[in-house]
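Undergrad: Sequence first, predicted model second:
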Amino acid sequence: MRLTRYFLPVLKENPSEAQIVSHRLMLRAGMIKQASSGIYSWLPLGFKVLRKIEDIVHEEQARAGHIAIQMPTIQSADLWRESGRYDDYGEEMLRIKDRHGRDMLFTPTAEELVTDIFRAHVSSYKDLPLTLYQIQWKFRDEIRPRFGIMRGREFYMKDGYNFDISKEAALHAYNRHLVSYLRTYERMGLQAIPMRADSGPIGGDNTHEFLVLAETGESEVFYDSAVTDLRFGDREIDYADVAQCAGVLEEFTSRYARTDETHDEALFNGVPEERRRVARGIEVGQIFYFGTKYSEAMGATVQNADGKPVPVHMGSHGIGVSRLLGAIIEANHDDNGIIWPEGVTPFHCGIINLKQGDEAADGACEALYSALTAAGLEPLYDDRKERAGGKFATMDLIGLPWRITVGPRGLKNGVVELTSRRTGISEEMTPEAAVARVVEIYVPHLAAGRAG
RNA sequence: CGGGCUAUGGCGCAGUCUGGUAGCGCGUCCGUCUGGGGGACGGAAGGUCGCAGGUUCGAACCCUGCUAGCCCGACCA
């Protein structure tokens, strides 16, 4: 993309409404625009990152054997009355009446609808296990939206639902989700720590929240610092392997790690003092096993091997897709702007032409642009007739992890400059070497996507 | 939902107390000189001052009502 043809309305000054860094930077980098309280339009740069995150979630869901569907945002109240949640959910649920006066609602989650789909079409244990998921807009009418998209009213969320014949099978699904979530977050450059959590209105006993440590997090968290040393890495995983998935769960959840909701001071004191940490975290996902709560209320049964109807065991699992943008920025920024992890960056590499109109500089930039594009990468070429300072400031603000700087001075010696946004370290090299290096950097990230 | 506050050009703000031609900085557009971290100079566009009513010869400013948004708290993925 050439910046002169793109739509990137960056702001030099901080909008007064934004309090936390991710909100400020998203507004300044021209990623979002508030439409009303807690509701945002996604501008090109923000939308691009949102889709990158969404792609990673889809890829990892597919890898775990889960199946994508799409359910409506506006639902009839009838199903919600059937489960009893129409009254339980409270003011947070946005209720709407259609022209006939029928009660409708804007979905805050979809257990009822997916259970309705299931009971209509699945009747045999042979069709299990089954996990259906969607990535869809949700609405929760927060009393007080804040922190930009981190706590908006409208938000984009992956919600998945597993259907299994037994508690044992459903717990495997639970473990499988935990594993797939660890992979998902790690691909986004995030460390999200599973912590024992509270189930809230979803119900159920088994539940973990995934938290990204950040000073601006809304939850107070207590953990054994040993959990921050855990990495999923590139280990091979067989999602059908019950013992292996259970092993990962054990590895990642055996140490103390809880939010303030479930914090137990006595247990926490059992952690060696030098490893006890109290911090704040942003919740970016949660997994639940809730058994037969919805299947019994809504009659979602299958016939087992003996021909007897039994209610299915279910769980639901969410990833806050739009919220992840905020969490990623909270965890990856400096005074000059965002620093995108390679896995989610809107463009792989920036190209700065220090002297637009200079024949050598223009030509070298065009050649770099073509070479990167041909290698399957998306560069963002700042071809504006701006001064160098302005170009650097914009590039730093929008946070592309790699930047190639091209100027007449360097070109006289046959070199351009490759700079890491994260470390600030620059290296001079030939344009060909710079392209090769950038391509090499992205090889694992592109491969991770294809493998899904 | 309690408490506090705000609304003036795309963004940040002054002007309101004390009514009298709507301003500043940044950004945007045009031009010239520039050119390796937001440069200089010259020109220009852009605002029914959140909405409705009232007071007044005259309202961004005073009065009444409404709406929207922000912050703290409780709540929450």
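TA: That came through, no problem. No experiment lies behind these values; they were computed from the predicted model shown.
Undergrad: use CA for all of it now, contacts and neighbours both
TA: Noted.
Undergrad: Got the phi and psi for the residue nearest to residue A:353 when sequence neighbours are not counted?
TA: Counting by CA to CA, 6 or more residues apart in numbering, residue A:406 is the residue found nearest to residue A:353 once chain neighbours are left out, at 5.1 Å. The phi/psi pair for residue A:406 (degrees, to the nearest 10) reads phi -120, psi 120.
Undergrad: Am I right that residue A:406 is in contact with residue A:365?
TA: Yes - with contact defined as CA atoms under 8 Å, residue A:406 counts as touching residue A:365 (6.8 Å).
Undergrad: hmm, back to that, quick one, what contacts the residue nearest to residue A:353?
TA: A:351-354, A:361, A:364-365, A:416-417 (CA atoms under 8 Å, 6 or more residues apart in numbering).
Undergrad: and the residues you listed as JSON lines, adding secondary structure, neighbour count and pLDDT?
TA: Output for the contacts of residue A:406, formatted as JSON lines (DSSP: H, G, I helix; E, B strand; the rest coil; neighbours: other CA atoms under 10 Å; pLDDT from 0 to 100):
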{"residue": "A:351", "secondary structure": "strand", "neighbour count": "25", "pLDDT": "98"}
{"residue": "A:352", "secondary structure": "strand", "neighbour count": "24", "pLDDT": "97"}
{"residue": "A:353", "secondary structure": "strand", "neighbour count": "28", "pLDDT": "96"}
{"residue": "A:354", "secondary structure": "coil", "neighbour count": "25", "pLDDT": "96"}
{"residue": "A:361", "secondary structure": "helix", "neighbour count": "23", "pLDDT": "95"}
{"residue": "A:364", "secondary structure": "helix", "neighbour count": "21", "pLDDT": "97"}
{"residue": "A:365", "secondary structure": "helix", "neighbour count": "25", "pLDDT": "97"}
{"residue": "A:416", "secondary structure": "strand", "neighbour count": "27", "pLDDT": "98"}
{"residue": "A:417", "secondary structure": "strand", "neighbour count": "21", "pLDDT": "98"}
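Undergrad: Of these, which are in range of RNA strand B?
TA: A:354, A:416-417 (CA under 7 Å from any atom of the strand).
Undergrad: sorry, back to before: what sits in contact with each of residue A:406 and residue A:365?
TA: A:351-353.
Undergrad: measure the residue of the stretch 251-400 of chain A found nearest RNA strand B to residue A:180 for me?
TA: For the stretch 251-400 of chain A, the residue closest to RNA strand B is residue A:389, as judged by CA to the nearest atom of the strand, at 3.0 Å. Distance of residue A:389 to residue A:180, computed by CA to CA, to the nearest Å: 43 Å.
Undergrad: Looking at those two, which one has more neighbours?
TA: residue A:180 (21 against 10; other CA atoms under 10 Å).
Undergrad: can you tell me which residues contact residue A:171?
TA: With CA under 8 Å, 6+ apart, residue A:171 has these contacts: residue A:289.
Undergrad: Just the pLDDT for it.
TA: We have a pLDDT of 96 for residue A:171.
Undergrad: that older thread, may I see the ones next to RNA strand B among the contacts of residue A:406 organised as JSON lines, with distance to residue A:430 added?
TA: Shown next, in JSON lines, are these (distance: CA to CA, whole Å):
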{"residue": "A:354", "distance to residue A:430": "16"}
{"residue": "A:416", "distance to residue A:430": "6"}
{"residue": "A:417", "distance to residue A:430": "8"}
